[in-house]
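1. Predicted structure and sequence below. I'll ask about it afterward.
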Amino acid sequence: MDLADGGDILDLIKKDGAIPEPRAKPLYKGVSEAIKYIHTKGFAHRDIKSENILLNKDRTVAKIGDFGFSRTCFDNTTGQRVLSKTYCGSAAYAAPEILKVEPYNPMISDVWSMGVVLYVLVNNRLPFVAVNDNLKDLLKHQLEKNINFDRKSLTPECKELIQKLLEPNVKQRYTMVQVLEHRWFK
């Protein structure tokens, strides 16, 4: 197992504040490639959050950790896609379909969580906050899709990618393949 002696993304933003896009991009791309890889193998992570993205000593390489909630997304005998019914992960990073307590495609829910991670990385705060940890309030904010970008210096490409990731409609939300093809990485 690799040593992650640089802490995690949360440690990084607590120390440095919002991360400028040129520094955030390679960190985020590395994690996106890792999530895309596990998705191509038929697995979902189901607990993506800033604390589970680990950094090397120089804080230049990010890797995903904590696969305790991960699971296969396909039935081993039929090969059919299997939806998740379990609420897992952290509420602040959970997709609307999870908060609605509906069966969900965990790969698409991973994408939502990746959107929260990117937002936190470049804004140093969560995109949606519930008053008094009220999950119905959190869900309402997510469905309204009112994403505020505190930093005016964010590029239109970064804002667009975040909006594609934090899309409440699962049929319109990006996949990890689409994320990595986005013009923000060009």
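-> All right, it came through fine.
2. need the helices for the chain, in chain order.
-> Remark: helices assigned in the chain by DSSP state H are 9-16, 21-40, 96-99, 106-123, 135-144, 156-165, 176-181.
3. most tightly surrounded among those?
-> Of all these, helix 106-123 has the most neighbours on average by mean count of other Cβ atoms under 10 Å, namely a mean of 25. Where you see a C-beta, it was placed from the backbone N, CA and C, and this is true even at glycine.
4. relative to helix 9-16, how tilted is it?
-> Counting by axes from the mean of the first three to the mean of the last three Cα atoms, to 10 degrees, helix 106-123 lies at 10 degrees to helix 9-16.
5. if you average pLDDT over helix 106-123, what comes out?
-> Average pLDDT, helix 106-123: 96.
6. so who does the residue nearest the centre of the chain touch?
-> Computing the C-alpha centroid of the chain and ranking residues by Cα atoms, centre = their mean puts residue 114 first, at 1.4 Å. Counting by Cβ atoms under 8 Å, 6 or more residues apart in numbering, residue 114 touches 31-32, 35, 48, 165, 176, 179.
7. Give me the local confidence score for the closest residue to residue 183 other than its chain neighbours.
-> Sequence neighbours aside, residue 157 is the residue nearest to residue 183 in space, at 5.3 Å (criterion: Cβ to Cβ, 6 or more residues apart in numbering). We have a pLDDT of 97 for residue 157.
8. where in the protein is pLDDT low?
-> Scanning the chain with the threshold set as pLDDT under 70 gives 1-2.
9. what's the neighbour count on the residue lying closest to residue 10 once chain neighbours are set aside?
-> Excluding its sequence neighbours, the residue lying closest to residue 10 (Cβ to Cβ, 6+ apart) is residue 50, at 4.2 Å. If you count neighbours by other Cβ atoms under 10 Å, residue 50 ends up with 21.
10. Quick check: residue 50 vs residue 3, distance?
-> Relative to residue 3, residue 50 is positioned 19 Å away (Cβ to Cβ, to the nearest Å).
11. Equivalent analysis for residue 48, please.
-> Following Cβ to Cβ, the distance that separates residue 48 from residue 3 is 21 Å.
12. Could you check which of those two has the larger neighbour count?
-> Using other Cβ under 10 Å, the more surrounded residue of residue 48 and residue 3 is residue 48, with 26 against 8.
13. Could you name whichever residue is most remote from the centre of the protein?
-> residue 77 (29.8 Å).
14. So residue 24 sits against residue 123, correct?
-> No - the pair residue 24 and residue 123 does not pass the contact test of Cβ atoms under 8 Å, sitting 10.2 Å apart.
15. May I see the helices of the chain arranged in a markdown table, with distance to residue 60 as well?
-> Below are the helices of the chain laid out as a markdown table (distance: least, Cβ to Cβ, whole Å):
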| stretch | distance to residue 60 |
| --- | --- |
| helix 9-16 | 11 |
| helix 21-40 | 7 |
| helix 96-99 | 32 |
| helix 106-123 | 14 |
| helix 135-144 | 32 |
| helix 156-165 | 19 |
| helix 176-181 | 19 |
